[in-house]
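Engineer: The following block contains a protein sequence and its predicted model.
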Amino acid sequence: MQQRTLGDRTVSAIGLGAMPMSIEGRPDADRSIATIHAALDVGVTLIDTADSYHRDAGEVGHNEELVARAMRSYGGDTSEVLVATKGGSLRPGDGTWYQDGSPEHLKEAAKASARRLGVEAIGLYQFHRPDPKVPFDDSVGALRELLDEGVIQRVGLSNTDVEQIDLANEILGGRLASVQNQFSPRFRSSQGELEHCARLGIAFLPWSPLGGISNAGDLAANHDAFRAVAEDRGVSVYQVTLAWELALAPVVLPIPGASRPESIRDSAGAAELELTTEEVARLSA
């Protein structure tokens, strides 16, 4: 599979977003583990999770534990797999979300995530979403301390703007590894952050790169150009969408969500689909 750089690591150009395996409508654990194993089988070496990816109260870290279980039970080599998790957002179990970006919470959350993942140091720890109640530089300062202490190996941000990216990178001494923002054919508001990351050489991880759980099925119906290119190429519209995102900049690493083995197998094929300059321009327009 095509490779991309994330910080000082080389990972697969297509990652796996594990969130659908733990939230509302989630499959049983066996199918989820089979999905993660299928991702590893096709060469995926980046798995994205978070401590807040769960459905019910009292099951914080459900998705992290699921990923850890799948990694342990996989029969092949997982030494090159980078598991990225996030902290700073919480779900009380009623479908709502809220933020806690306090340094105290982030430090404890990171250590708890490491325990659930069964690792000495988290490969990539991402600040899930800025907390309006906490100064942003205080939150990032806690991540810097975790990095210096060896609790985490790399720092990422999620749901941030250009100004926050620059501030965080300054606080971290140029060690910001990634930015994870929403980006898809239907949601292009993070185009500026994507381009800024490309200038800085920081990995950009589009979340919901196919439009999100409730909208991915409408890609072909709502985006004629993507459907037409998919028909011309004889591949799924999902592959075309991910290949388009990869073509936008060498720092882009989409992390499509999946809860079925066939879904991640199809998505992984995008890493080998090379679009022409004309096709990329057509889709971007």
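Structural biologist: Structure's in. What do you need? Numbering: from 1, shown residues only.

Engineer: what ranges do the strands span in the stretch 1-150 of the chain?
Structural biologist: All strands of the stretch 1-150 of the chain, identified by DSSP state E, counting those that start in this stretch, fall at 3-6, 9-12, 16-17, 46-48, 82-87, 89-90, 98-99, 124-127.

Engineer: Okay, the residue nearest to residue 119 when sequence neighbours are not counted and residue 199: tell me how far apart.
Structural biologist: Spatially, and ignoring its direct neighbours in sequence, residue 119 is nearest to residue 83 (7.5 Å; CB to CB, 6 or more residues apart in numbering). In short, each C-beta sits where N, CA and C put it, glycine included. Distance of residue 83 to residue 199, computed by CB to CB, to the nearest Å: 28 Å.

Engineer: Of these two, which one has the most company?
Structural biologist: For residue 83 versus residue 199, the count of surrounding residues by other CB atoms under 10 Å is larger for residue 83: 23 against 9.

Engineer: Correct me if wrong: the more buried one contacts residue 71.
Structural biologist: Yes. Residue 83 is in contact with residue 71 according to CB atoms under 8 Å; the separation is 7.3 Å.

Engineer: before we move on, which element is residue 174 in?
Structural biologist: Assigned by DSSP states H and E, residue 174 belongs to neither a helix nor a strand.

Engineer: Is the residue nearest to residue 119 bridged to anything, and to what?
Structural biologist: Counting by DSSP bridges, residue 83 is bridged to residue 47.

Engineer: cool, residue 179 as well?
Structural biologist: Under the criterion DSSP bridges, residue 179 forms beta bridges with residue 157, residue 204.

Engineer: Read off the pLDDT value for it.
Structural biologist: pLDDT recorded at residue 179 is 98.

Engineer: With residue 155 as the reference, measure out to it.
Structural biologist: The spacing between residue 179 and residue 155, counted by CB to CB, is 11 Å.

Engineer: Neighbour count for the two, which is higher?
Structural biologist: Using other CB under 10 Å as the criterion, residue 179 and residue 155 rank with residue 179 on top: 29 against 24.

Engineer: got the contact list for that one?
Structural biologist: 156-158, 160, 165, 193, 197, 202-205 (CB atoms under 8 Å, 6 or more residues apart in numbering).

Engineer: try it again with 10 Å
Structural biologist: Residues in contact with residue 179 (CB atoms under 10 Å, 6 or more residues apart in numbering) are 126, 156-162, 164-165, 168-169, 190, 193-194, 196-197, 200, 202-206, 251.

Engineer: so how far is residue 82 from residue 5?
Structural biologist: Going from residue 5 to residue 82 by CB to CB gives 11 Å.

Engineer: need the helices for the protein, in chain order.
Structural biologist: Ranges of helices within the chain are 29-41, 62-73, 103-117, 136-149, 162-171, 191-200, 219-222, 224-233, 237-248, 261-268, 277-284, based on DSSP state H.

Engineer: Need the per-residue pLDDT for residue 279.
Structural biologist: 98.

Engineer: what about it, how many neighbours?
Structural biologist: By other CB under 10 Å, the residues close to residue 279 number 20.

Engineer: same thing with the one 5 residues further on?
Structural biologist: With neighbours defined by other CB under 10 Å, the count for residue 284 comes to 13.

Engineer: That one touches residue 244, doesn't it?
Structural biologist: Yes. Using CB atoms under 10 Å, residue 284 is in contact with residue 244, at 7.4 Å.
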